[in-house]
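A.B. asks: Got a predicted structure here, sequence first:
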Amino acid sequence: MSGAIPAPALEIHRRAFVWDAHCDSLQRVVVDGIDLGLPGTAQADLDAWRDGGVKVQVFAAWVDVIYGPDQAARRALEQIAAFHMFLARHPSRVGLATTAAQVRALAAEGRLAAVLAVEGGLAIQGDLGLLERYANLGVTSMTLTHATSLEWIDSSTDLPRVGGLADFGREVVAEMNRLGMLVDVSHVSDAALREVARASSAPVIASHSSARAICDHPRNLTDELARVVADTGGVIGVNFVDEILDQATCDRVNPDPGAALASLRHDGPPIPRDQLDRVAAERLRGVFGAPRPRPPFQRILDHILHLVKVVGADHVGLGADLDGGPVPTPEGFDTVRDYPRITEALWRRGMSDPDIEKVMGNSFLRVFETVRGG
């Protein structure tokens, strides 16, 4: 960590279970063949996690819509295999965590606690049995959809197909509750979020969403929706993607709010199986278009402080969404090495030590313990 961080803030940062609830680094492993154990290969790697004081990283196996419905599970399983190969390659520095006790044990050993997630219900291909298979492979949560609406749940960045959550969607939520998988409502429509919260018997999370009051992007949560998540006992992880954080960027990138992230959808004919991986790589690299200015660092703080005001620090965390594509992060936050800057900024703004520790990760640790056990 940087020696410029004042000692009181640095001590808070060291105490906290700094928890990043969402990254797309597995895409970089599968698409670009990088080794996250080597420095400088991505926005997150083992040296950077260590230097940034990160104790827990949630790795998302994201499935592009072009793989559905027949190849989505294959793509998810490729990333899950890459995740386990990464752990096997660096056993002294990182380990699998599926319970809060394992998170604490790995942190005590000085190893990164790696938590596995699936991003996008497309990956279950309409088969509840795949949920159990993923759980048996170490998956502890699933984001119910991504940029497109499915036949059982609507996305925040697509036209509605079912008006929220269909009956099969409620079955998915019930099965995730039974398996002890965290239900993740980032990316779902407003109506779907409300219905998922009613259907779930356990806390729900929004692993990588921010505040719509600060940036009016459909991926973000209104104050009312933030309270819905909090009322389940859940947590909202503030997202660092520029157009989700910053209104000026959102307006420039998405002049038509209804078209936000439209490039992640696929409305053309099915892509031949032997071309899927190549097209997916091209989409990942090109989806965000030309380089664009970086939002100010302050914007991260704006979202955190607003959500803490609305729902309290018990229900606010961080889900930076790094390595998802060639998209700029805010100024002053280049990699996971920069997490101490957030702790310092919250400390300078007079937030209490316990509340800072909650935002930096203890809130997600609480929910993980509630759903997954100690």
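C.D. replies: Yes, it's here.
A.B. asks: So for stretch 71-90, mean pLDDT?
C.D. replies: The pLDDT scores in stretch 71-90 average 97.
A.B. asks: what sits up against it?
C.D. replies: Contact with stretch 71-90 is made by 26-27, 29-30, 35-37, 46, 59, 61-64, 67, 94-96, 114, 116, 118, 120, 122-125, 127, 130, 134, 137-139, 273, 276, 280, as judged by Cβ atoms under 8 Å, 6 or more residues apart in numbering. No exception for glycine: its C-beta is placed from N, CA and C like everyone else's.
A.B. asks: which among these end up buried?
C.D. replies: Among those, those classed as buried by 16 or more other Cβ atoms under 10 Å are 26-27, 29-30, 36, 46, 59, 61-64, 67, 94-95, 114, 116, 118, 120, 122-125, 130, 134, 137-139, 276, 280.
A.B. asks: what residues are up against Arg93?
C.D. replies: Gly37, Leu46, Arg50, Arg111, Leu112.
A.B. asks: now those as CSV including pLDDT and distance to Thr249?
C.D. replies: Output for those, formatted as CSV (pLDDT from 0 to 100; distance: Cβ to Cβ, whole Å):
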residue, pLDDT, distance to Thr249
Gly37, 95, 33
Leu46, 96, 30
Arg50, 97, 31
Arg111, 98, 36
Leu112, 98, 31
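A.B. asks: what about Leu245, how many neighbours?
C.D. replies: 26 (other Cβ atoms under 10 Å).
A.B. asks: Not counting its neighbours along the chain, what's nearest it?
C.D. replies: With sequence-adjacent residues excluded and distances taken as Cβ to Cβ, 6 or more residues apart in numbering, Leu245 is closest to Arg299, at 4.5 Å.
A.B. asks: For the one you found, grab phi and psi.
C.D. replies: Phi and psi for Arg299, reported as degrees, to the nearest 10, are phi -60, psi -30.
A.B. asks: rewinding a little: take the contacts of stretch 71-90 and keep only those in helices.
C.D. replies: Under the assignment DSSP state H, these contribute Leu26, Gln27, Val29, Val30, Leu46, Leu130, Tyr134, Leu276, Ala280 to helices.
A.B. asks: Between these, which sits nearest Ala213?
C.D. replies: Gln27 (30.2 Å; Cβ to Cβ).
A.B. asks: Which of the contacts of stretch 71-90 fall within strands?
C.D. replies: Among these, the members falling in strands (DSSP state E) are Phe59, Ala61, Trp62, Val94, Gly95, Leu96, Ala114, Leu116, Val118, Val139.
A.B. asks: so which two of these are the farthest from each other?
C.D. replies: Longest span within these, Cβ to Cβ: Trp62 and Gly95, 22.4 Å.
A.B. asks: mind listing the strands for the stretch 101-250 of the chain?
C.D. replies: Counting by DSSP state E, counting those that start in this stretch, the stretch 101-250 of the chain has strands at residues 112-119, 139-143, 182-184, 204-205, 236-238.
A.B. asks: so can I have CSV of those showing distance to Gln71?
C.D. replies: Below are these laid out as CSV (distance: least, Cβ to Cβ, whole Å):
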stretch, distance to Gln71
strand 112-119, 15
strand 139-143, 18
strand 182-184, 22
strand 204-205, 27
strand 236-238, 29
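A.B. asks: Can you check which of the ones you listed gets nearest to Thr157?
C.D. replies: Checked against Cβ to Cβ, the stretch from those lying closest is strand 139-143, at 12.9 Å.
A.B. asks: Using TSV, lay out the contacts of Arg93 together with distance to Pro354.
C.D. replies: Putting the contacts of Arg93 into TSV (distance: Cβ to Cβ, whole Å) gives the following:
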residue	distance to Pro354
Gly37	34
Leu46	29
Arg50	25
Arg111	25
Leu112	24
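A.B. asks: Now the two most distant members of those residues.
C.D. replies: Farthest pair in the contacts of Arg93, by Cβ to Cβ: Gly37 and Arg111, 12.2 Å.
A.B. asks: intersection of neighbour lists for these two?
C.D. replies: Joint contacts of Gly37 and Arg111 (Cβ under 8 Å, 6+ apart) are Arg93, Val94.
A.B. asks: now stretch 332-344: mean pLDDT?
C.D. replies: 95.
A.B. asks: And stretch 58-71, end to end?
C.D. replies: This stretch, stretch 58-71, spans 23 Å end to end (Cα to Cα, to the nearest Å).
A.B. asks: Work out the gap between that stretch and the centre of the chain.
C.D. replies: With Cα atoms, centre = their mean, to the nearest Å as the basis, stretch 58-71 stands 14 Å off its chain's centre.
A.B. asks: so what's Pro328 up against?
C.D. replies: Pro328 sits next to Asp242, Pro291, Arg292, Pro293, Arg294, Pro295 when contact means Cβ under 8 Å, 6+ apart.
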